[in-house]
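Student: Below are the sequence and a predicted model for it; my questions follow.
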Amino acid sequence: MKFVEFPKSVTRRKNKLDNLVFSSRVRFTRNLEGLKFPAFLSDKDKFDIDENLSDNIAKLPFEIVIENIEDIPRERIMIYAGTDIISREFVKSGRKLAYEVNGDWVILLNEDDHFRIFSIETGYNIKNIACRLIEVVRLIEKDIDFAFDEKWGYLTGSVLNMGTGMRMSVLVNLYGLVATKRIEEFITNSGEMGYAVNNLVGESSDSGLFFVYNIYSMGLSEEQMVDEFDAFLNRLYEMEMKARKEFFSDPDECEISYEEIVELINKDEIEWSALLYYISLIDAMEGVLLNLKNRRELRNLVLTAKDDYLIYKKMVDKDKISQARMEIIRSIVVQMKYKTSR
């Protein structure tokens, strides 16, 4: 059985936002007309929805795999959960998932909603992902009536998803805003504009890695939402690049950054949360103070250096995870070429 892995690596024209964005995710959620949301359904009702939707999904003009979660090996479930293919909630209460064999999209049935389709790609590609998913949803909607209200739009298990049912999110590196102490102001201003900005690890982290996503999906069309999100990220790009330039223009800060990387090379082990800080630091220095042999390899560590991925995909012993993680980052760092002497 083919293994699904996100974010999908794609070959396309480079976007300037690729310098800021690690990965892009788009998700649409729908519920069937006249039925309760999954949290209130009986097991029989869930089974019926799974079977009916699966039949319709199987008719789509794509090469599709449909799997029952109980038939998926535990190792693959753990990898899927660790790489955002499935959620912990779906592991507990979901039954079926479907995916296009080339990794263009994944569908989860009876998670928080009856139907969820999403995709994740490397770099910034929100518009193309959205268009691809909308096509699939519309094909399904030819034979299925989704719950829709003329005033509120598509009805969902969360009021925040009502309207288009679309959630756009990007994983971005905001090391410059963090280093120049402007991140809190940016987070506050973003909230007022309808966007959430959450650190990948937590509020106490020094890492520059953040998820940015729309809070609401009501009041605008899908196209308008994409255009506004694109404009928002372009403004963020200018802010972040300006902050990086300011920070790394200080010789003392450059010296400290170089020393941090040298200290990293000499470490024997590293925890995932600490690794994320170094990923954001090195990624921010790329092209300014150093050149990486493979920037994508560094960015992929956000997922491939997680505990579950190392244990169940790379077959690393649990007590050797921190050492294995250190070996991976070291292999990337030793190949870097410095653009400025220390």
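Tutor: That came through fine. Residues are numbered from 1 along each chain as shown.
Student: Tell me which stretches of the protein form helices.
Tutor: For the chain, the helices defined by DSSP state H cover 43-58, 74-82, 88-93, 126-141, 175-179, 183-192, 222-248, 251-265, 272-285, 295-304, 307-312, 321-333.
Student: Flag every buried residue along the helix or strand of the chain with the lowest mean pLDDT.
Tutor: Least confident helix or strand of the chain, by mean pLDDT, DSSP states H and E, is helix 88-93 with a mean of 81. By 16 or more other C-beta atoms under 10 Å, the buried positions in helix 88-93 come out as F90, S93. Where you see a C-beta, it was placed from the backbone N, CA and C, and this is true even at glycine.
Student: which other helices and strands contact it?
Tutor: Contacts defined by 3 or more C-beta pairs under 8 Å, 6 or more residues apart in numbering; DSSP states H and E place helix 88-93 against helix 74-82.
Student: any idea how far the helix it packs on is from the chain center?
Tutor: How far helix 74-82 lies from its chain's middle: 16 Å, per C-alpha atoms, centre = their mean, to the nearest Å.
Student: so that helix versus helix 295-304, what angle?
Tutor: 110 degrees (axes from the mean of the first three to the mean of the last three C-alpha atoms, to 10 degrees).
Student: And the contacts of helix 74-82?
Tutor: Outside helix 74-82, the residues that touch it by C-beta atoms under 8 Å, 6 or more residues apart in numbering are 3-4, 69, 72, 85-88, 91, 303, 306-309, 311-313.
Student: Show me just the buried residues among those.
Tutor: Neighbour counting by 16+ other C-beta under 10 Å classes 4, 69, 85-87, 303, 306-309, 311-313 among the contacts of helix 74-82 as buried.
Student: Just name the most buried of the helices of the chain.
Tutor: helix 175-179 (a mean of 25; mean count of other C-beta atoms under 10 Å).
Student: residues making contact with that one?
Tutor: Residues outside helix 175-179 that contact it (C-beta under 8 Å, 6+ apart): 183, 186, 206-208, 239-247, 253, 280-281, 283-284.
Student: Can I get that helix in CSV? Just the C-alpha atoms.
Tutor: Taking Å, rounded to 0.1, in the frame of the first residue of the first chain, the C-alpha atoms of helix 175-179 are listed here in CSV:
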residue,chain,number,x,y,z
TYR,A,175,13.1,34.4,13.6
GLY,A,176,13.6,38.1,12.7
LEU,A,177,10.5,39.3,14.5
VAL,A,178,11.3,37.1,17.5
ALA,A,179,14.9,38.3,17.7
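Student: What average pLDDT does it get?
Tutor: Mean pLDDT, computed over helix 175-179, is 97.
Student: how distant is it from the center of its chain?
Tutor: Per C-alpha atoms, centre = their mean, the centroid offset for helix 175-179 relative to its chain is 20 Å.
Student: cool, stretch 253-270 as well?
Tutor: 27 Å.
Student: Run through who's touching that stretch.
Tutor: Identification of contacts with stretch 253-270 by C-beta under 8 Å, 6+ apart yields 179, 247-248, 278, 281-282, 285, 289, 322-323, 325-326, 329-330, 333-334, 336, 338, 340, 342.
Student: what's the answer for stretch 94-103, then?
Tutor: Residues from elsewhere that reach stretch 94-103 (C-beta under 8 Å, 6+ apart): 2, 4-6, 8, 46-47, 50, 53-54, 57-58, 62-70, 85-86, 90, 105-111, 119.
Student: Please apply the same query to stretch 123-135.
Tutor: Residues outside stretch 123-135 that contact it (C-beta under 8 Å, 6+ apart): 10, 12, 14-15, 17-18, 20-28, 104-105, 117-119, 121, 166, 168, 170, 222, 226, 229-230, 233.
Student: Out of the helices of the chain, which gets nearest to Y213?
Tutor: Closest to Y213 of the helices of the chain is helix 222-248 (C-beta to C-beta; 8.8 Å).
Student: That closest one vs helix 126-141, what angle?
Tutor: For helix 222-248 against helix 126-141, the angle by the same axes, to 10 degrees is 150 degrees.
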